[in-house]
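>>> Following is a predicted model, sequence given first.
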Amino acid sequence: MLKTPTNVSDLKAAIRDLCREKQAIILAHYYTTGDIQEVADFIGDSLALARKAAATYAKVIVMCGVHFMAETCKLLSPEKLVLCPDPAAGCSLADSCRAEDLKKFKDEHPGYMVVSYVNTTAAVKALTDVVVTSGNAKKVVDQLPKDAKIIFGPDYNLGSYINEVTGRDMLLWNGGCHVHERFSVEQIVRLKKEHPEAVVMAHLECKAPVLAVADVKGSTADMLKYAKQNSAKQYIVATEAGILHELQRQCPDKEFIPVPPEIPSEECDSHSSCTSCNECQYMKMNTLQKIYDALKNGQPAVEVDPEIAELAVKPIERMLQMS
Ligand code: 13P
Ligand code: SF4
């Protein structure tokens, strides 16, 4: 029996061989480590990954991201084997909205439609009218009837930004991402003093005061697009640090300065692997070894309860049609 390769380049080559053998495609989010982004067939933000999962002809999808992303792939491609290298890779935002709590809230607010961020479980999506990502939330909400009464969840910061730019008055769920909530205006002001010419880019999951001082507010893909097209040479980046790999790859002559979190790393007791705390420990649970093992063994595979899947796929498809 062949031994598992131990060095990184042999492991990457073995992963590509397995992809050919199994007719598999590797999708990776920008927050995964650089070596995973390099071995992937396709890297993208949540919206692009969902689109790719819906369109691919591959028989097997290895989703390197977090669990809800693998679930989204399975919902859009139920006939395919969807592998999640580490099914324990969760999401603090998805965890902040349990389906039973949303159901109760909906019952308390008859006549409201539900717009859910893609960072949710399939069970929450099954209670949802339309899903959005940070890349299309404004576009989708703008198309909803002007008099619609809307519950938006679970990201409070994204919802409040969308209320502001659309003039809506959506009821907001009080959830948040533990990575993005750590960025502070103070840190950005400090970096801006050191780099006065730098453009400040912030993800829409950041708090309102952080977004207020940002020049570019959007999804990870929006940041990449902006940095590629803009002539500025320096960028202060308030999002998960994994995006810097692709920013630097696509814009080798530009400088990207990650915003450190408000909480010093020595005070962070939420995870052991991260050194800067602007990393999502869930995204970083994906490793080359786990991808190799998943491809070799055909597991861990993501499954969604068929009754939930039937309901949950509809708001995702609606989103793809509207964006
Ligand atoms: P994007 O849709 O910008 O990729 O964001 C996903 C995410 O999980 C942000 O924390
Ligand atoms: Fe979830 Fe935050 Fe990690 Fe994105 S960065 S996957 S929102 S925990």
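Cool, got the structure. Ligands and ions are numbered 1, 2, ... in the order given.

>>> Tell me which residues are up against the top helix by length along the chain.
Ranked by residue count, the top helix of the chain under DSSP state H comes out as helix 306-322. Applying Cβ atoms under 8 Å, 6 or more residues apart in numbering, the contact partners of helix 306-322 are 50-51, 54, 72, 74-76, 78, 116, 118, 122-123, 125-133, 136, 139-140, 143, 304. The way it works is simple: take the backbone N, C-alpha and C, and place the C-beta from them, glycine included.

>>> Inside strands: which ones of these?
116, 130-132 (DSSP state E).

>>> With pLDDT, distance to ligand 1 and neighbour count added, can I get these in JSON lines?
Below are these laid out as JSON lines (pLDDT from 0 to 100; distance: Cβ to the nearest ligand atom, whole Å; neighbours: other Cβ atoms under 10 Å):
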{"residue": "116", "pLDDT": "98", "distance to ligand 1": "13", "neighbour count": "28"}
{"residue": "130", "pLDDT": "98", "distance to ligand 1": "16", "neighbour count": "23"}
{"residue": "131", "pLDDT": "98", "distance to ligand 1": "11", "neighbour count": "33"}
{"residue": "132", "pLDDT": "97", "distance to ligand 1": "10", "neighbour count": "28"}
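
>>> quick revisit: could you flag which of the contacts of helix 306-322 are buried?
50, 54, 72, 74-76, 116, 118, 122-123, 125-133, 136, 140, 304 (16 or more other Cβ atoms under 10 Å).

>>> where do the strands sit along the chain?
Ranges of strands within the chain are 24-29, 42-44, 60-64, 81-83, 113-117, 130-132, 150-153, 171-172, 199-203, 216-218, 234-238, 255-258, based on DSSP E.

>>> Point me to the residue of the stretch 1-150 of the chain nearest ligand 2.
residue 91 (3.2 Å; Cβ to the nearest ligand atom).

>>> Please list all residues in contact with that residue.
Contacts of residue 91 by Cβ under 8 Å, 6+ apart are 66-68, 119, 177, 282.

>>> Swap in 10 Å and give it another go.
65-69, 119-121, 154, 177-179, 280, 282-283 (Cβ atoms under 10 Å, 6 or more residues apart in numbering).

>>> tell me the contacts of the spatially closest residue to it that is not a sequence neighbour?
Counting by Cβ to Cβ, 6 or more residues apart in numbering, residue 91 lies nearest to residue 66, which is 4.7 Å off, once chain neighbours are set aside. Contacts for residue 66 were tallied using Cβ under 10 Å, 6+ apart; they are 29, 31-32, 46, 84, 86-94, 119, 280, 282-283, 285-286.

>>> how many other residues sit next to residue 312?
When neighbours are counted by other Cβ atoms under 10 Å, residue 312 registers 26.

>>> ok, for it, nearest residue in space, not its chain neighbours?
Take residue 312 and drop its neighbours on the chain: the residue closest to it by Cβ to Cβ, 6+ apart is residue 125, 3.8 Å away.

>>> Pull the contacting residues for that neighbour.
Residue 125 neighbours (Cβ under 10 Å, 6+ apart): 68, 71-72, 75, 99, 114, 116, 118, 131, 304, 308-309, 311-316, 319.

>>> filter these by proximity to ligand 2?
Among these, proximity to ligand 2 is found for none (Cβ under 6 Å from any ligand atom).

>>> So the residue of the stretch 1-150 of the chain closest to ligand 2 versus residue 123, what's the distance?
14 Å (Cβ to Cβ, to the nearest Å).

>>> Next: residue 223.
Counting by Cβ to Cβ - residue 223 and residue 123 are separated by 31 Å.

>>> can you check residue 18 too?
32 Å.

>>> do the same with residue 217
In terms of Cβ to Cβ, residue 217 sits 30 Å off from residue 123.

>>> One more: residue 289?
Taking Cβ to Cβ, one finds residue 289 at 31 Å from residue 123.

>>> In the stretch 101-250 of the chain, which residue sits closest to ligand 2?
residue 177 (3.3 Å).

>>> doesn't residue 155 make contact with that residue?
Yes - taking contacts as Cβ atoms under 10 Å, residue 177 lies within contact range of residue 155: 6.8 Å.

>>> out of those two, which sits in the more crowded spot?
Comparing residue 177 with residue 155 by other Cβ under 10 Å, the one with more neighbours is residue 155, at 30 against 24.

>>> Who is the more buried one paired with across the strands?
residue 175 (DSSP bridges).

>>> for it, what are its contacts?
So residue 155 contacts 93, 96-97, 116-117, 119-120, 132, 134, 137, 161-162, 172-177, 180-181, 204-205 (Cβ under 10 Å, 6+ apart).

>>> Would you list the buried entries among those?
For the contacts of residue 155, buried by 16+ other Cβ under 10 Å: 93, 96-97, 116-117, 119-120, 132, 134, 137, 161-162, 172-173, 175-177, 180-181, 204-205.
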